[in-house]
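Asks: sequence-free structure coming up:
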Ligand code: PRX
């Protein structure tokens, strides 16, 4: 029997049991029956959780692009691989077949090689959502270069920090990008960033907005003329199963971004498997994930997962509100989209607008709708289910992380009964456990605990680029022998999981994972600021928003607080990007600290939420009086 596809709930339980009792046999079968390999593995898995050493498909040889592209060509070369929907609905959409994708990727791979990029080199990709972004990612994978896609909304300092951390040799960018009807000067941002990045010797520039830009002689090259001259034949590099495929940065508890490293074979097997099952993708379906490829959701479920399954995937350059709040629904009709995968923040924003925007469209092509990135509240779940899914389409609330590579807990469309706000059951191979504060496993249901996973799965990140110790400490030390997710969760009476949110210093704002530490670092650079503490507080649309408590160096001297707040937000924009801006700033004379000097964020969170009822134990505070002062000033 095949384990690749789950068709019934009974099958789910059967596969799940098999995957737990005999994980090697389970993944062995999936990997050997559904992919093309140059050489199969000697061992399915080799791991030591306490050392955070994990290897899958040991010594296998493979190239992921052979599996994403080449193997589909003989039978399905003319099938559409990517539908590019431009930001302006009046600009024609582009249908790129698997044959054309193959040509484009091979040409790009040859260009990269001719510009000196070799296996193992890091390439930073800073592009808007245009076909060149997908092609550049796949071209890196083809030649064994490690792609590091940086979301094209990050500021020059944030890009520079990411380029320097992994010492990228090349940057691929464009003359500009669109956000609604605004143009963003991406090349200008890269020029500024590269003043601080000695490792970059080449910049390839795609043309999109025709913005006037400067090209630095000897470093910058227009991409298109190089592609025009390149051959469309390229022999894929033979990669080891554990060779890094990409680095993707995520926030952490220190100012330094964490470069999560995903390797080749395990990531390939896991994204292909989860895409097929969670969404129940069938031939000729059209899958649309609205994320940006700059985030893990885009890597795994715009590109790799769909292409590995020979699917048709939509690449959308626009935003949900341009030109009107109907854009998502209009686009679903236009391309007869069958699978729609978006974030709760987008759902909440659209649910706030007039119902006509969505009701104008029958959306009859839809079969499955998904949610990702943050907890989906009950109201948003129902709005999505009623008005988008027409109560016919299963809502798959998929829980996972940059670190996990693919979805870990989620309903399987048409198999798992859904329950609003519950990500429901673990996928085969995933062994979640809830831990209490004393590090004991919680056996009972209806209790919230820290969510850990006690056995590796193929898609787990293998390390943090250049810092394995940090990887071990962040994910494998809090609960020894287990992977700690940083999330809290509740398990109901039938074993369904509901993710309750972060239990660490990460705040999810509009689905973006923001560490509070890098934001504090940015604010503290303002000459007027002595110290700051950032916490999250609930927000109707964004899920969470950021609240900053700021101590000024010399109070009184900084006259205009409104102006100062604007300057502080500008610092954040410059250092990280506009997504990390604070919604509220309160200037305070001190912060509640423990005797060991740690800021007691729990109290600040309560103040930010406006919940003054119970601050818990404040006896360990060095300065308990500050709590009342901050609270009263907020009132
Ligand atoms: O807190 C969880 C939340 O997003 C975090 C991971 O963020 P990131 O690495 O940026 O990846 C986002 C896309 C996979 C998680 O630790 N999160 C993600 N999906 C859900 C979620 N929270 C609740 N429900 C979800 N479905």
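Replies: That came through fine. From a predicted model like this one, the values you see are computed outputs, not experimental measurements.
Asks: close to the ligand: what parts of this protein are there?
Replies: 250, 296-297, 371-375, 397-402, 423, 485-487, 499, 502, 508, 513 (Cβ under 6 Å from any ligand atom). To be clear about C-beta, it is placed using only N, CA and C from the backbone, and glycine gets the same treatment.
Asks: now with 8 Å?
Replies: Contacts of the chain with the ligand, taken as Cβ under 8 Å from any ligand atom, map to 250, 291, 295-297, 344, 371-376, 397-404, 407, 409-410, 423, 485-487, 499, 501-502, 506, 508, 511-513.
Asks: for residue 489, name its beta-bridge partners.
Replies: Beta bridges link residue 489 to residue 449, residue 499, judged by DSSP bridges.
Asks: please name the residues that touch it.
Replies: Residue 489 is in contact with 432, 434, 448-449, 451, 497-500, counting by Cβ atoms under 8 Å, 6 or more residues apart in numbering.
Asks: let me see the mean pLDDT of the helix or strand hosting residue 518.
Replies: Per DSSP states H and E: residue 518 is located in helix 516-524. Computed over helix 516-524, the mean pLDDT rounds to 90.
Asks: same question for stretch 54-63.
Replies: 98.
Asks: what do you get for stretch 603-610?
Replies: 92.
Asks: what about the residue in the stretch 501-635 of the chain positioned nearest to the ligand, neighbour count?
Replies: Proximity of the stretch 501-635 of the chain to the ligand (Cβ to the nearest ligand atom) peaks at residue 513, 3.4 Å away. Residues contacting residue 513 under the criterion other Cβ atoms under 10 Å number 19.
Asks: just the pLDDT for residue 511.
Replies: pLDDT, residue 511: 89.
Asks: meant to ask about residue 555
Replies: pLDDT, read off for residue 555, is 56.
Asks: then residue 255?
Replies: pLDDT, residue 255: 69.
Asks: same question for the one 5 residues further on.
Replies: The score at residue 260 is 98. That number is its pLDDT.
Asks: Provide the contact partners of the helix holding residue 518 at residue level.
Replies: In contact with helix 516-524 (Cβ under 8 Å, 6+ apart) are residues 251-257, 505-507, 529-536, 546, 548, 550, 568, 571-572, 574-576, 580, 582, 601.
Asks: list the buried residues for stretch 105-120?
Replies: The neighbour-count check on stretch 105-120 (16 or more other Cβ atoms under 10 Å) flags 105-113, 115, 117 as buried.
Asks: tell me the one of those residues nearest the ligand?
Replies: Among the buried residues of stretch 105-120, and counting by Cβ to the nearest ligand atom, the member closest to the ligand is residue 105, at 25.2 Å.
Asks: contact partners for that closest one?
Replies: 65, 69, 135, 138-139, 142, 234.
Asks: so can I have TSV of these showing neighbour count and secondary structure?
Replies: Formatted as TSV, the contacts of residue 105 follow (neighbours: other Cβ atoms under 10 Å; DSSP: H, G, I helix; E, B strand; the rest coil):
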residue	neighbour count	secondary structure
65	27	helix
69	27	helix
135	25	helix
138	24	helix
139	28	helix
142	28	helix
234	22	coil
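Asks: picking that back up, mind listing what's buried along the helix holding residue 518?
Replies: So helix 516-524, judged by 16+ other Cβ under 10 Å, has buried residues 516-523.
Asks: after it, which helix or strand is next? Please name it.
Replies: strand 529-539.
Asks: mind listing the strands that next one pairs with, and their directions?
Replies: Sheet pairing for strand 529-539, using DSSP bridges, gives strand 543-552 (antiparallel).
Asks: which helices and strands does the helix or strand following the strand it pairs with pack with?
Replies: Sequence-wise, the next helix or strand downstream of strand 543-552 (DSSP H and E) is helix 561-575. Using 3 or more Cβ pairs under 8 Å, 6 or more residues apart in numbering; DSSP states H and E as the contact test, the elements touching helix 561-575 are helix 156-165, helix 516-524, strand 543-552, strand 584-588.
Asks: how about the ones you listed in JSON lines, adding distance to residue 391?
Replies: Formatted as JSON lines, the helices and strands packed on helix 561-575 follow (distance: least, Cβ to Cβ, whole Å):
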{"stretch": "helix 156-165", "distance to residue 391": "42"}
{"stretch": "helix 516-524", "distance to residue 391": "39"}
{"stretch": "strand 543-552", "distance to residue 391": "24"}
{"stretch": "strand 584-588", "distance to residue 391": "38"}
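Asks: mean pLDDT for these: which is lowest?
Replies: Among these, helix 516-524 scores lowest, with a mean of 90.
Asks: next one: it to chain centre, how far?
Replies: 21 Å (Cα atoms, centre = their mean, to the nearest Å).
Asks: all helices of the stretch 251-400 of the chain, in order?
Replies: For the stretch 251-400 of the chain, the helices defined by DSSP state H, counting those that start in this stretch occupy 264-279, 296-298, 305-308, 327-334, 344-351, 356-359, 378-383.
Asks: and the fifth one with helix 327-334, angle?
Replies: The directions of helix 344-351 and helix 327-334 differ by 90 degrees, with axes from the mean of the first three to the mean of the last three Cα atoms, to 10 degrees as the criterion.
Asks: can you list contacts of helix 344-351?
Replies: Residues outside helix 344-351 that contact it (Cβ under 8 Å, 6+ apart): 290, 320-321, 325, 328, 357-358, 371, 373-377, 379-380, 383-384, 387-388, 510-511, 540-543.
Asks: what about 7 Å?
Replies: 290, 320, 325, 328, 371, 373-374, 376, 380, 383-384, 510-511, 540-543 (Cβ atoms under 7 Å, 6 or more residues apart in numbering).
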